[in-house]
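S.K.: need coordinates for the following:
(2 chains)
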Amino acid sequence: MEMEAFIFLFSLVIGIIAPLSGVGGGVMFVPLLTAFSGINVDYIRGGGVMVALASSLTSSPTAIKRGFTNLRMVLPLILISNLTAFGGGYLGLYISREFPEGKHYITLMLGLLLAFILFIMSTTERVEFPEPKGRDKICSFFQMEGECFEPSIGKDIRYSASNTTIALAMFAFVGLVAGMFGLGAGWANVPVLNLVMLLPIRVAVATSMLIILLNTSIAAWVYMAKGAVLPEITVPAILGMTIGSKIGAELTLRVSPRIIRSAVMFILLIAAATNIIKGVMGIAGIT
Amino acid sequence: MRDDRVFAETVRISFYLILGLMTVVFIFSKFMGDKVVVTNVLLMLTFIPALSLITALPLAQRRIKFLILAVLAEMVLAYYLAFHS
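M.R.: Numbering: from 1, shown residues only, chains lettered A, B, ... in the order given. Predicted structure coming up:
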């Protein structure tokens, strides 16, 4: 019961600060729990996939109703990233179970990936309203466009996808990494949607959540089939994350996002360093 | 678009229904010591995206119908490979 209470409170805090900092819940849940608990990394990744799914199930309906994203925008991207997310789930479990030091390699790779995510977060400038290029063939064929009311400027805006072919290749890689490590991949989806497909930032965030909603269940089945989704971890995590994200959404208007973002990056830096040290020590046989 | 609205509403209603069910079943499982039912409810949570796509299917445009069917086919294949191979 103590572990469930710890995971609930842990996820509640992550759920509160994740929406404020602009990162999804999964990218904080998996590395932090791996770094600061003794729970097997496979079970944490299984829980992480379910947490990412629950976060997207909570936020996507409102975003769709407000027109920030739609099915036409995400379905062509999903078709590609679903396949790689499925392969990624298998690859991650294969490495950790088939090799003697597999779980240490996964922990080390998770730390390195987190360091890379931090690099992206600190160097990527987000563009509020990028200028769209001409519509390409894929965009025109599937009508990857929409219209919504943008509260920051108080008027309706139209948006459409650009550079779809390059974006599809990028989403294939993102799906693989997301499935492999049990992360939601909002950290990678949003820059691709905003800077490559040239979608407004609010549309990019909403579209990223819808992508996570549609491709996370596939990765979750891999973890479930291998017995890596434990109710003792997953249920308190989903409840904590759902309640926390509701509180976080309310606080977004009152707290400076820049301060929260800096605090989150500092926490992720500690988690990255801890995972790298744990991974290296495990591989070297020092416990 | 109507298909988007139906999709969003199905996601919202099914998520809160399953979340409530999951909480109740999890509390009961603590007393009964049965984890299988909770795992089955968690599995139901993963079906929400597919279920919502199916409800949006009749209202979607022809090209989008094709995409929805392709994504659903991928999901069926992934489910089969995960649990039956």
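S.K.: quick check: longest helix of chain B.
M.R.: Using DSSP state H to define each element, chain B has its longest helix at helix B:2-32.
S.K.: who are the packing partners of it?
M.R.: helix A:41-65, helix A:71-98, helix A:231-251, helix B:36-56 (3 or more C-beta pairs under 8 Å, 6 or more residues apart in numbering or on different chains; DSSP states H and E). The C-beta positions use only the backbone N, C-alpha and C, and glycine is treated the same way.
S.K.: residues contacting A:Ile95?
M.R.: A:Gly102, A:Tyr105, A:Ile106 (C-beta atoms under 8 Å, 6 or more residues apart in numbering or on different chains).
S.K.: what segments of the stretch 151-287 of chain A are strands?
M.R.: Remark: strands assigned in the stretch 151-287 of chain A by DSSP state E, counting those that start in this stretch are A:155-160.
S.K.: where does the prediction get shaky in it?
M.R.: A:182-187, A:249, A:252-261, A:263-264, A:267, A:287 (pLDDT under 70).
S.K.: what parts of it come near chain B?
M.R.: Contacts of the stretch 151-287 of chain A with chain B, taken as C-beta under 8 Å from any C-beta of the partner chain, map to A:213-214, A:216-218, A:220-222, A:224-225, A:229, A:231, A:234-235, A:238-239, A:242.
S.K.: kindly recompute the last result at 7 Å.
M.R.: Listed as neighbours of chain B in the stretch 151-287 of chain A under the rule C-beta under 7 Å from any C-beta of the partner chain: A:213-214, A:217-218, A:220-222, A:224-225, A:229, A:231, A:234-235, A:239, A:242.
S.K.: what is the nearest of the residues you listed to A:Ser59?
M.R.: Proximity of these to A:Ser59 (C-beta to C-beta) peaks at A:Leu213, which lies at 8.8 Å.
S.K.: is it true that that closest one touches A:Ser60?
M.R.: Yes: at 5.0 Å, A:Leu213 and A:Ser60 qualify as touching, with contact defined as C-beta atoms under 7 Å.
S.K.: next, the buried residues of the longest helix of chain B.
M.R.: Neighbour counts over helix B:2-32 (16 or more other C-beta atoms under 10 Å in any protein chain shown) mark B:3-4, B:6-12, B:14-15, B:18-19, B:22, B:25-26, B:29 as buried.
S.K.: how big is the angle separating it from helix A:231-251?
M.R.: 130 degrees (axes from the mean of the first three to the mean of the last three C-alpha atoms, to 10 degrees).
S.K.: how far does helix B:2-32 sit from its chain's centre?
M.R.: Taking C-alpha atoms, centre = their mean, to the nearest Å, the mean C-alpha location of helix B:2-32 is offset from the chain mean by 9 Å.
S.K.: quick revisit: mean neighbour count, the helices and strands packed on helix B:2-32: which tops it?
M.R.: Burial of the helices and strands packed on helix B:2-32 is given as mean neighbour count (mean count of other C-beta atoms under 10 Å in any protein chain shown); helix A:41-65 ranks first at a mean of 26.
S.K.: what packs against that helix?
M.R.: helix A:26-36, helix A:71-98, helix A:102-123, helix A:201-225, helix A:231-251, helix B:2-32, helix B:36-56 (3 or more C-beta pairs under 7 Å, 6 or more residues apart in numbering or on different chains; DSSP states H and E).
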